[in-house]
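Undergrad: Quick one, fold the following:
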Amino acid sequence: MDKFTDFIATLDQTLATEQLPTQALVYVPVTFSFHEGRLQIEINMLRTSFNQGDNAFGVPDILDRIRMLIGLELADRPQSRWPTNSTTKALTITPHKVVRVIPVDMSVYQVD
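TA: Below is the predicted model:
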């Protein structure tokens, strides 16, 4: 397996075993792709993206960064506009481009 495939396998395992509270969860589809040795992460809902550069693909660090971006952005929106249902499913577009739904616990961002 290559670096990207290993990363996605670890990401899938992490997401499957996480124990998150059921209240205040939002579900955001995130696109992960691998180009020229770099991991690219796109959050279309926020119209933003970032790449990991030449750094190691650490799943916990990347999940934290994604969740922080989503949490801070959604904290400024009314709860009625939060994506509280997952309408997108995990999807493999190509061997080096996949979509995964990332759950975010909004209570971490002290939103009432």
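Undergrad: all contacts plus neighbour counts: C-alpha atoms, from now on.
TA: Will do.
Undergrad: Okay, helices next: where are they in this protein?
TA: 3-17, 59-75 (DSSP state H).
Undergrad: Quick one, which of those helices gets closest to L46.
TA: Proximity to L46, assessed across the helices of the chain by C-alpha to C-alpha, is greatest for helix 59-75 (7.5 Å).
Undergrad: mind listing what's buried in the closest one?
TA: Buried positions in helix 59-75, judged by neighbour count with 16 or more other C-alpha atoms under 10 Å: V59, L63, I66, R67, M68, I70, G71, L74, A75.
Undergrad: before we move on, what about stretch 6-26?
TA: Result for stretch 6-26 [16+ other C-alpha under 10 Å]: buried residues F7, I8, L11, A24, L25, V26.
Undergrad: next one: stretch 38-50
TA: Those would be R38, L39, Q40, I41, E42, I43, for stretch 38-50 by 16+ other C-alpha under 10 Å.
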